[in-house]
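Asks: A predicted structure for the sequence below; I have some questions about it.
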Amino acid sequence: MAATPQNPAASAPRRKVSRHRGEGQWAAGHFTPLNGNEQFKKDDDGLNVRTRIETIYSQRGFDSIDPNDLRGRMRWWGLYTQRKPGIDGGKTAVLEPEELDDEYFMLRVRIDGGALTTQQLRVIGEISQEFARGTADITDRQNVQYHWIRIEDVPEIWQRLEGVGLSTVTACGDTPRVMIGSPVAGIAEDEIIDATPALEEMKRRVLNNKAYSNLPRKFKTAISGSPLLDVVHEINDVAFVGVRHPEHGPGFDVWVGGGLSTNPKLGVRLGAWVPVDEVPDVYEGVISIFRDYGYRRLRNRARLKFLVADWGPEKFRQVLEDEYLGGRRLIDGPAPEQPVQQWRDHIGVHRQKDGRFYVGFAPRVGRVDGATLTKIADLAEAHGSGRVRTTVEQKMIVLDVEEGQVDSLVEGLESLDLTARPSSFRRGTMACTGIEFCKLAIVETKQRGAQLIDELERRLPDFDEPLTINLNGCPNACARIQVADIGLKGQLVLDDQGEQVEGYQVHLGGALGLEAGFGRKVRGLKVTSAELPDYIERVLKRFQAEREEGERFATWAARASEEALS
């Protein structure tokens with residue numbers, strides 16, 4: 001039909017009309033699965049896989065496992081397939097998942113608040129020796145991770161863990177992960193408020209609860225009443241930070257929307273003060289907002305930090321109060337005070353509020369083994385009350401030590417190469433799992449970190465400034481590279497001969513607690529693994545030469561020239 005004045009659009013080019021698909025938010029009516037992960041979660045709740053593990057997979061072996069369980073739902077019970085040995089980092093992003101999968105698993109034991117009895121620690125150590133080839137790494141979220149786990153052994157491991165009150169439930173997966181807490185909650189002399197009652201109630205409400213077992217992605221929680229800000233609250237999905245309200249007394253300041261990985265964001269304050277008995281209500285409300293309003297269409301935008309960035313803290317607080325707290329208005333409150341010291345790891349000997357002492361000590365980059373853990377349990381029973389803790393820096397603490405027992409405990413730990421008087425390098429170096437076991441990794445980290453500690457102690461024996469060196473095997477930042485003084489992101493680089501070798505992109509001057517921020521990247525700066533000790537020695541000597549009185553490494557790195565940092 002020819003165009004006429006009555007039909008002018010007939011001659012115009014057709015324009016494709018498209019409707020915005022939304023972000024997959026349940027609260028907006030977007031319930032249709034929008035990616036493979038959402039589909040398998042809709043097909044069957046991840047918590048249900050336990051029955052199949054116990055009745056089918058552990059009986060019939062690895063080859064009987066359904067792929068959606070193997071690389072999906074089994075994470076809801078702390079199980080990941082580990083990397084097949086012998087696959088170099090250049091193949092990480094090239095091979096299909098089934099080509100990377102070994103027939104063994106990493107199994108993560110959740111340790112909320114880092115709280116363990118010596119009985120629990122001994123069982124963890126015994127399981128390590130019997131089922132995990134001795135492996136038992138302490139993570140930077142206070143968990144313990146095994147490797148070399150066979151599916152046939154998982155039911156027996158669960159039985160032993162649960163017999164002493166431990167669990168692997170939702171240690172992984174799109175779920176509320178372990179709730180990290182101050183390792184000295186309830187005992188530290190300087191504590192603002194003990195978060196333990198809130199933490200226990202939070203666990204009671206959400207663990208094994210199918211109301212919260214299908215979140216858009218993982219959900220990370222932190223709570224602490226310590227003035228040291230000892231739970232990296234700025235990089236959790238939700239965090240409760242101890243503060244003193246001028247009218248209402250001790251309580252918690254609420255933060256939301258933190259997270260690292262490839263798109264790092266620091267959490268933001270809601271400006272709300274919450275008393276300890278109301279923390280679980282607010283916690284459930286924040287998780288429910290994430291469940292209902294979180295973005296499910298694209299996995300790389302499915303963390304709470306993206307919703308918080310789009311909404312802002314004011315809208316987030318308004319939705320929390322109106323829709324999830326029944327219209328209850330939260331009390332405005334103060335921000336946390338800056339900690340008075342840079343080290344927040346509780347390493348060393350410290351007096352408790354009851355007059356006894358706690359002793360924090362440092363394994364190398366969180367790497368221990370089952371035999372060592374059982375010996376730590378023996379030492380803690382002989383010198384304390386039977387309570388130990390893990391920390392968010394891959395360290396451990398023995399609680400309740402009488403003054404006359406301190407020296408003997410410290411000597412016993414030293415005999416296990418676990419020092420309560422570590423160098424700055426041993427104290428401040430962390431490493432993720434790395435290519436040894438992780439399917440996402442590109443380079444080695446644990447052994448490299450341990451060797452780096454030894455080398456720097458030899459080269460710079462008098463260096464005693466607080467310093468964090470974090471090694472990560474890939475860009476996902478499990479070892480918090482962006483907020484370290486020296487953050488090392490694993491990648492393949494070219495050496496002087498033009499050969500592709502393991503190396504790191506360098507981030508410098510990141511920090512949490514004291515002037516929190518992300519480290520800077522020097523343009524083009526990449527370091528091979530072999531060059532790493534030389535590079536760090538060079539940068540630290542320049543820092544010592546150029547620093548102003550009392551200046552921290554992160555502050556110097558922010559103002560230093562690129563030449564000084566290269």
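Replies: Here it is on my side, so go on.
Asks: quick check: nearest residue in space to Pro97, chain neighbours excluded?
Replies: Among residues not flanking Pro97 along the chain, Arg71 sits closest, at 5.7 Å (C-beta to C-beta, 6 or more residues apart in numbering). Any C-beta I mention is one placed from the backbone N, CA and C, and that applies to glycine too.
Asks: OK, contacts around the residue nearest the centre of the chain?
Replies: For the chain, the residue sitting closest to the mean C-alpha position, by C-alpha atoms, centre = their mean, is Arg141 at 4.4 Å. With contacts defined as C-beta atoms under 8 Å, 6 or more residues apart in numbering, Arg141 is in contact with 177-178, 180, 220, 392.
Asks: 7 Å instead, please
Replies: Under the criterion of C-beta atoms under 7 Å, 6 or more residues apart in numbering, the neighbours of Arg141 are 178, 180, 392.
Asks: same list (those) but as JSON lines, adding neighbour count and pLDDT.
Replies: Below are the contacts of Arg141 laid out as JSON lines (neighbours: other C-beta atoms under 10 Å; pLDDT from 0 to 100):
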{"residue": "Val178", "neighbour count": "24", "pLDDT": "98"}
{"residue": "Ile180", "neighbour count": "30", "pLDDT": "98"}
{"residue": "Val392", "neighbour count": "23", "pLDDT": "97"}
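Asks: switch those residues over to CSV; also include distance to His233.
Replies: Below are those laid out as CSV (distance: C-beta to C-beta, whole Å):
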residue, distance to His233
Val178, 15
Ile180, 9
Val392, 10
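Asks: tell me the one of these nearest Pro227?
Replies: The closest of the contacts of Arg141 to Pro227 turns out to be Val392 (C-beta to C-beta; 15.9 Å).
Asks: pretty sure that closest one contacts Val231?
Replies: Yes: the criterion here is C-beta atoms under 7 Å, and Val392 meets it with Val231 at 5.9 Å.
Asks: can you show me the strands along the stretch 301-450 of the chain?
Replies: In the stretch 301-450 of the chain, the strands defined using DSSP state E, counting those that start in this stretch lie at 331-332, 348-351, 357-361, 387-390, 396-401, 429-431.
Asks: most packed of the ones you listed?
Replies: Most buried of the strands of the stretch 301-450 of the chain by mean neighbour count (mean count of other C-beta atoms under 10 Å) is strand 429-431; its value is a mean of 28.
Asks: so what are the sheet partners of it and their directions?
Replies: Sheet pairing for strand 429-431, assigned by DSSP bridges, gives strand 469-472 (parallel).
Asks: hey, C-alpha coordinates of the strand it pairs with in PDB?
Replies: This file holds the C-alpha atoms of strand 469-472, laid out as PDB (Å, rounded to 0.1, in the frame of the first residue of the first chain):
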ATOM      1  CA  ILE A 469      50.800  -9.300  50.900                       C
ATOM      2  CA  ASN A 470      47.900 -11.200  49.400                       C
ATOM      3  CA  LEU A 471      48.400 -13.700  46.600                       C
ATOM      4  CA  ASN A 472      45.500 -14.700  44.300                       C
END
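Asks: what's next to that strand, contact-wise?
Replies: With C-beta under 7 Å, 6+ apart as the test, strand 469-472 has contacts from 425, 428-432, 445, 448-449, 478-481, 484-490.
Asks: what's around the residue lying closest to Ala516 once chain neighbours are set aside, how many residues?
Replies: Among residues not flanking Ala516 along the chain, Glu234 sits closest, at 5.0 Å (C-beta to C-beta, 6+ apart). Neighbourhood size, Glu234 [other C-beta atoms under 10 Å]: 24.
Asks: sec struct for Glu234, please.
Replies: helix (DSSP: H, G, I helix; E, B strand; the rest coil).
Asks: that one contacts Gly259, doesn't it?
Replies: No: Glu234 is beyond contact range of Gly259, at 9.7 Å (criterion: C-beta under 7 Å).
Asks: common neighbours of Val392 and Val231, please.
Replies: Listed as contacting both Val392 and Val231 by C-beta under 7 Å, 6+ apart are Ile180.
Asks: give the burial count for Val144, as a bare number.
Replies: By other C-beta under 10 Å, the residues close to Val144 number 29.
Asks: state the distance from the closest residue to it other than its chain neighbours to Ile180.
Replies: Distances taken as C-beta to C-beta, 6+ apart put Val109 closest to Val144, at 4.7 Å, once the chain neighbours are dropped. Noted for Val109: a distance of 14 Å to Ile180, by C-beta to C-beta, to the nearest Å.
Asks: quote the end-to-end distance of stretch 340-353.
Replies: Start-to-end span of stretch 340-353 (C-alpha to C-alpha, to the nearest Å) is 19 Å.
Asks: got a list of contacts for it?
Replies: Contacts of stretch 340-353 (C-beta under 7 Å, 6+ apart): 183-184, 187-189, 228-230, 357-362, 391, 393, 395, 397, 406, 420-422, 427, 466, 513-514, 552.
Asks: who's in contact with the residue lying closest to Leu207 once chain neighbours are set aside?
Replies: Leaving aside its sequence neighbours, Leu207 sits nearest to Val169 (C-beta to C-beta, 6+ apart; 5.8 Å). Contacts for Val169 were tallied using C-beta under 7 Å, 6+ apart; they are 77, 207-208.
Asks: tell me how many other residues surround the nearest residue to Thr391 once chain neighbours are set aside.
Replies: Of all residues not flanking Thr391 in the chain, Pro183 sits nearest, at 4.9 Å (C-beta to C-beta, 6+ apart). By other C-beta under 10 Å, the residues close to Pro183 number 30.
Asks: how is Pro183 assigned, secondary-structure-wise?
Replies: At Pro183 the chain is in coil, as set by three-state DSSP.
Asks: verify the stated contact: it with Val388.
Replies: No: using C-beta under 7 Å as the test, Pro183 is too far from Val388 to be in contact (9.1 Å).
Asks: between the two, what contacts are shared?
Replies: Contact with both Pro183 and Val388 is made by residues Ile397, according to C-beta under 7 Å, 6+ apart.
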